[in-house]
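Undergrad: Have a look at this prediction, sequence included:
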Amino acid sequence: MKSPTKTQAGRASTAAKLSTSNGVTAPAMYQNDPRLWAAWLYYHDELNQNQIATLLGVSRASVVNYLQEARANHYIKISVRSDLLTSIKLAEKLKETFGLRECMVIPDDGGLLTPTQRIGKAGASFLEGALAPDDVVGVAWGRTIQALANNLTEQYLSNMYVVQVVGSQRSTSDGFSSEECVSLISLKLHAKAANLHAPAALSNRELRDALLNETIIQEQFTRIRSCNKILFGVCSIKDNSLVFASGLTNVEESKYYISKGAVGVVAGRFYDANGTWIQGPLDDRLVGITLDEVRQIPTRIAVAGGTDKTAAMLGALRGNFINVLITDEQTAMSILERA
């Protein structure tokens, strides 16, 4: 948080005025130090840099320099609210508890925006700093992954692949399917998209097995198994879960998994509270990465939040599907309370 505190833009100072060379009046107390003048107008009166340049009769570049010098000379005091440090402590506690490599916990905003949008934006920020040339990034699906994709800024990294790790799902207007997420992320990163040319779920095991024996599908799975990073969301098993909205399975079929103790879904695979993969009727029909294969990928980035997903995320953490977590403050606290 910046100090002096900003007030309503353009509020006039009550200080005495002097005329400048361009006819603009200025507070007398600032006439010998344009850095202090610029700092007051910017931080206190909330004028933008162009407006300040006009008032001072200088270029915008000069105003930028004045503000930088004001910071360097401690005219401006920058502080962070101590209560926001909770988020940092939560991230460190999650890393310690679950052996995570990285963790980002965004502070609570009082419910102004949805966790999906906020966590997606945070995930985009993290991913931009984590990518490197020659990366092979696996991508699952989900609304948070879609939000991440929408918030990515363009990057140009050489020889990068973005790989679809779960087959195609029902087309939706929401744009959260695996192929749509892969397409958008690869476009933003100027990377090569490697799609999985198969439905996510077929009608029976025999058809699935026959498809997996096709040369082109085997080549695509070779690419999936070459991923050094993977990006995915976490689904609950509630009736409104995205795993049902995606058309991947239905509530009736999920009853088998729930009877076996399922708490969540990652990349279309159900698992229990300890992170044990529960194999059942959907797995017999599913075309996509397995949870055992997920664990083999060096960097496993989960972008998920919402306290309704606490059990699902806790199971995924215990199962070691995640070693990089991007989440929100309330979800982090809920996870740690039940850990």
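TA: Sure, I can see it.
Undergrad: For this protein, just list every one of the helices.
TA: Per DSSP state H, the chain carries helices over the ranges 34-39, 49-56, 60-72, 85-98, 115-130, 143-151, 178-189, 205-212, 215-224, 242-245, 251-259, 291-295, 310-318, 329-338.
Undergrad: I'd like the mean pLDDT over the longest one, please.
TA: I take that to be helix 115-130. Per-residue pLDDT values across helix 115-130 average out to 90.
Undergrad: Equivalent analysis for the second one, please.
TA: Confidence over helix 49-56, taken as the mean pLDDT, stands at 90.
Undergrad: quick one, it and helix 60-72 angle?
TA: Interaxial angle, helix 49-56 versus helix 60-72 (axes from the mean of the first three to the mean of the last three C-alpha atoms, to 10 degrees): 100 degrees.
Undergrad: Please apply the same query to the fourth one.
TA: Using the same axes, to 10 degrees, the inter-axis angle of helix 85-98 relative to helix 60-72 is 70 degrees.
Undergrad: Over to the last one?
TA: Counting by the same axes, to 10 degrees, helix 329-338 lies at 30 degrees to helix 60-72.
Undergrad: tell me the mean pLDDT for helix 329-338?
TA: Confidence for helix 329-338, expressed as mean pLDDT, is 95.
Undergrad: which residues sit against it?
TA: Applying C-beta atoms under 8 Å, 6 or more residues apart in numbering, the external contacts of helix 329-338 come out as 86-87, 90-91, 93-94, 97, 105-108, 115, 304-307, 309-311, 313-314, 317, 327. Any C-beta I mention is one placed from the backbone N, CA and C, and that applies to glycine too.
Undergrad: Could you give the separation of that helix from the chain centroid?
TA: Helix 329-338 has its C-alpha centroid displaced from the chain centroid by 18 Å (C-alpha atoms, centre = their mean, to the nearest Å).
Undergrad: go on, the first one?
TA: Once both centres are worked out by C-alpha atoms, centre = their mean, helix 34-39 turns out to sit 37 Å from its chain's centre.
Undergrad: How about the second one?
TA: Between the mean C-alpha point of helix 49-56 and the mean C-alpha point of its chain there is a distance of 37 Å (C-alpha atoms, centre = their mean).
Undergrad: Name the residues of that helix that are buried.
TA: For helix 49-56, a neighbour-count test (16 or more other C-beta atoms under 10 Å) marks Gln49, Gln51, Ile52, Ala53, Leu55, Leu56 as buried.
Undergrad: Likewise for the last one?
TA: Neighbour-count burial for helix 329-338, with 16+ other C-beta under 10 Å as criterion, is recorded at Glu329, Gln330, Thr331, Ala332, Met333, Ser334, Ile335.
Undergrad: one step back: out of the buried residues of helix 49-56, flag the one nearest to Ile278.
TA: Among those, Gln49 lies closest to Ile278 (C-beta to C-beta), at 57.6 Å.
Undergrad: which ones are touching the closest one?
TA: Listed by C-beta under 8 Å, 6+ apart, the contact partners of Gln49 are Tyr42, Arg60, Val63, Val64, Leu67.
Undergrad: which two from those residues end up farthest apart in space?
TA: Maximum pairwise distance in the contacts of Gln49, criterion C-beta to C-beta, is 11.9 Å, between Tyr42 and Arg60.
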